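Undergrad: just the structure for this:
(chains A and B)
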Amino acid sequence: MAIAESGMPEEAEVGPFYHINVKVNGKAYETEVETRLLLVHFLREQLGLTGTHIGCDTSNCGACTVLLDGKAVKSCAVLAVQANGREVRTVEGLAADGNLHPIQEGFMQEHGLQCGFCTPGMMMSAVALLSKTPHPSEQQIRMGISGNLCRCTGYVNIVKSIQYAAQKMEGGGKK
Amino acid sequence: MTVQGGIGQSIKRKEDARFIRGKGTYVDDVKLPGMLYLDIVRSPYAHAYIRNINIEKALKVPGVLAVIRGKDLEAANLAWMPTLMSDRQMVLPIERVMYQAQEVAAVVADSRYAAADGVAAVEVDYEPLPVVVDPRKALEPDAPILRPDREKKTNHIWHWEVGDRKGTEELLRKSEVVVKENIYIPRILVSSIETCGCVADLDPVSGKLTVWMTTQAPHAIRTVFALVAGLPEHKIRIISPDIGGGFGGKVPVYPGYVIAVVASLKTGHPVKWIEDRSENLQADSFARDYHITAEIGATKDGKLTALLVKTIADHGYTDAAANPSKFPAGLFHIITGSYPFAKAFVEVDGVYTNKPPGGIAYRCSFRVTEAAYTIERIVDILAQKLGMDPAELRLRNFIRPEEFPFKSALGWTYDSGNYHGALRKAMDMIGYDELRKEQEEKRKRGELMGIGISSFTEIVGAGPSHTFDILGLKMFDSCELRIHPTGKVIARFGTKSQGQGHETTYAQILAEELGIPADDIAVEEGDTDTAPYGLGTYASRSTPTAGAAASMAARKVRDKARGIAAHLLEVSPDDLEWKDHKFQVKGVPGKAKTMQEVAFAAYTNLPPGMEPGLEAVSYYDPPNMTYPFGSYICAVDIDKETGVVKVRRFVAVDDCGTIINPMIVEGQIHGGLTMGFAAAMLEEISYDENGNAWGGTFMDYLLPTAVETPKWETAKTTTPSPHHPIGAKGVGESATVGAPAAIVNAVMDALSPYGVTNIDIPITPWKVWKVLHEKGA
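TA: Predicted structure coming up:
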């Protein structure tokens, strides 16, 4: 094996860097990031928010879906610098005060997940859908999550999970 | 009296609590101090000499620490590794690459970005060689020999056959009606949403290797590492953390795992390797790629006589299939399906091509989908030829309930079944007769509508040790059960869930057997330092093997507990019966002890001479395979102008024996149906004549989304397995096995007025439109 002369990792150079201010799940972060750093890697590796997953490299699978200023985005297709001055919400930010978000409850009650890998992204897309369309038809739900692939569930129970959340949220309160 | 979470209850899943909060721990979530990242240089050519690999520039890339080539591995005798099927596979090549996207070199760096920069800077000089992608051409006399390293100078790997060739051929000759069809089942990949990867950590001080790894079979991997790398087995710890879907794709040992281990050894740091999606789609081991010719005979009134099946199996450049050792074509000889043939014969020839290894499952027990698809397709083609309703043909021929246990023409002993019951139920649910009437009317109007049936028989639960082993390791599985003084339980298993919900269902089996609420039972899997040895989770084997071990371990505990209960109740153990989940004095229901009371006594108040504690281990060697079955009916409408097939309804009646958690079983069936639909309608990895992979990203390899996926309608019949302790059979894969034939049969039924008998999957709009166009529709 050929070893690089630069030696230990600490000595390695990277860059260029950019200064960003970003709010994630209500908490403000001010930090330097490499300009090419993807938002998903910023969340997972710099902030340790590993609930957001990576399932492809062509922004097809949706496992990395988060909310950016309330809109669902695929965080593998957004640079961390693009989140500067904006607000990100991840799966870790769904539950509040120890109470599950209705979408989390829905997925558990309706068996909307199996391996759990697509689940965070799927729930974030569902939250974005429900914020725009509080009473979606089944077809609207299916369209709303069409950017999120699930290999385990066959989607029937995911649709039910989102319907559960819609009904639960009808009472108001959560958003 | 029921116990919380006992068998048959749809309790919510224990594992969901962490998954819905984003608190699962998948392999890419593992982060160790000083951890480095590994990325892989891959070949753009399907077959080429490597003239030179220049790593000068790569080593100068900031953050890059090392580059590993085949020749670096050669010294440690690790450039090649043995496969499970007695072949060998390159970890990194010395001189030749054999398929597009094959590993060529690996870069280790301090971040995944630097590793990718390093990969881009590695310069490889290739000399392209002639490429063979079609296994039939690979068998031609002038085909280039792809594996000159083998003694046999041919691309033919092995021939395998079972059954009575002469008798079958004779009976076919005598049969009044015979149909024959060529069926190709293309190369596809499970592509679980989590790709494969690992974190390898070889502690330079203790010499202990810990690998967090996306593996469905951690113990088998540990032993393979010990045998191949020569590491002492007690210094290898394989941890399967949460796994984001497996479906068979996480059974093989991929080169990346081995390179990561070597990289950790060489650098003294933990090393993470996570494949990206295009690597997963282009380089991981594949399923299917079977070129099948099937011939079936019958009498004029539709009584089946004989079945003859010949297959060319494309195994890619090496035979790295994950099959039980004695079965190079897996359990393909379940191909007689739900029918009592007088004679049958099946032969398979394995062939090398310039593709990644084949022979891996696509959510199916060792080639069972290929078998079920073929028999259910050819029976339908026969019905078409006979002018008989395909339901009627099946009902006339099914093995009858009273014939179980039934010895199939190819040697399997089916444990139990009621095929007529399942099909009749599916017909009732979908309103079969009305659909046929509607179809008749639509045909008069020139509209295309089809109804397809698939009545499959599966074979799962590998398996009995007299027949089933992998690398000599018998295919038992295990449960280690310990009851704490306060009546709470921990149980560990040799299997590994990838979404199936083992933490919940195993707890339910134990709850039922012990009378302890499922909420009080913790289930652990996937850590070889703590779990008992087992062969892992694939081929729907967990419930038939480890689930049975749970029952047997619990019954061992109960045997000991009976003595303690007798001591507490001051009666003879023979005076006690286990009833309503507790030990009762016979005839005195009020006088009883629960397992929790017994557990406390096991540590505090034992009968004289009894050893303290309350625990047991079971290694369960199943006496037979289990044979889940089902009948699916699909109704499709086809748009003549575009060739688009719309699945209007899909009814699935499954029988997997005793059901532990109906909610989970239904979820498994939904998922399996969707993968069956995917294979029938969307997915294929094909290659051009130069061996370039089509379908190498999710842009081209189409997984079904919520929009295309039909709304599944499910139901069950229950025919318990007579040999499993709780009568369960396993269900993870049934639907993937059964669904494709139902869909394709429906499409062919719609097209039958044009004399079409087969379109190879996936049934794309283009293929349908083309056939219609050719037939002048």
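
Undergrad: now chain A against chain B: closest residue?
TA: Chain B sits closest to residue A:51 of chain A, with a gap of 1.8 Å, by CB to the nearest CB. Glycine gets a C-beta too; all of them are placed from N, C-alpha and C.

Undergrad: in space, what's closest to that residue - neighbours in sequence excluded?
TA: residue B:22 (1.8 Å; CB to CB, 6 or more residues apart in numbering or on different chains).

Undergrad: count the residues that sit near that neighbour.
TA: Neighbour count for residue B:22, taken as other CB atoms under 10 Å in any protein chain shown: 25.

Undergrad: state whether residue B:305 is indeed within a strand.
TA: Yes: the assignment for residue B:305 (DSSP: H, G, I helix; E, B strand; the rest coil) places it in a strand.

Undergrad: that one - how many residues pack around it?
TA: With other CB under 10 Å as criterion, residue B:305 counts 20.

Undergrad: and residue B:27, what are its phi and psi?
TA: phi -60, psi -30 (degrees, to the nearest 10).

Undergrad: in stretch B:682-690, which residues are buried?
TA: B:682-685, B:687 (16 or more other CB atoms under 10 Å in any protein chain shown).

Undergrad: first to last residue in it, what's the distance?
TA: One end of stretch B:682-690 to the other measures 23 Å (CA to CA, to the nearest Å).

Undergrad: what is the mean pLDDT for that stretch?
TA: Mean pLDDT, stretch B:682-690: 97.

Undergrad: the nearest residue to residue B:306 once chain neighbours are set aside: which element?
TA: Once flanking residues are discounted, residue B:306 sits nearest to residue B:171: 4.0 Å by CB to CB, 6+ apart. Here residue B:171 sits within helix B:165-174, counting by DSSP states H and E.

Undergrad: care to break chain B down by domain?
TA: What automatic domain parsing lists as the domains of chain B is B:16-22+B:477-620, B:31-129+B:194-244+B:250-283, B:287-407+B:417-462+B:624-774.

Undergrad: show me the domain layout of chain A.
TA: According to automatic domain parsing, the domains of chain A span A:16-93, A:102-170.

Undergrad: what's the most buried one of those domains?
TA: domain A:102-170 (a mean of 23; mean count of other CB atoms under 10 Å in any protein chain shown).

Undergrad: span of it from start to end?
TA: 10 Å.

Undergrad: with stretch A:76-95 instead?
TA: Start-to-end span of stretch A:76-95 (CA to CA) is 23 Å.

Undergrad: distance between that stretch and the chain's centre?
TA: Its chain's C-alpha centre and that of stretch A:76-95 lie 8 Å apart, by CA atoms, centre = their mean, to the nearest Å.

Undergrad: what secondary structure does residue A:67 sit in?
TA: strand.

Undergrad: if we can go back for a sec, quick one: the residue of chain A closest to chain B and residue B:268, what's the gap?
TA: With distances taken as CB to CB, to the nearest Å, residue A:51 is found 31 Å from residue B:268.

Undergrad: ok, now how distant is the nearest residue to residue A:2 once chain neighbours are set aside from residue B:230?
TA: Of all residues not flanking residue A:2 in the chain, residue B:67 sits nearest, at 5.0 Å (CB to CB, 6+ apart). When CB to CB is the yardstick, residue B:67 and residue B:230 sit 24 Å from each other.

Undergrad: so which of those two has more stuff around it?
TA: Taking other CB under 10 Å, residue B:67 and residue B:230 do not tie; residue B:67 has more neighbours (27 against 10).
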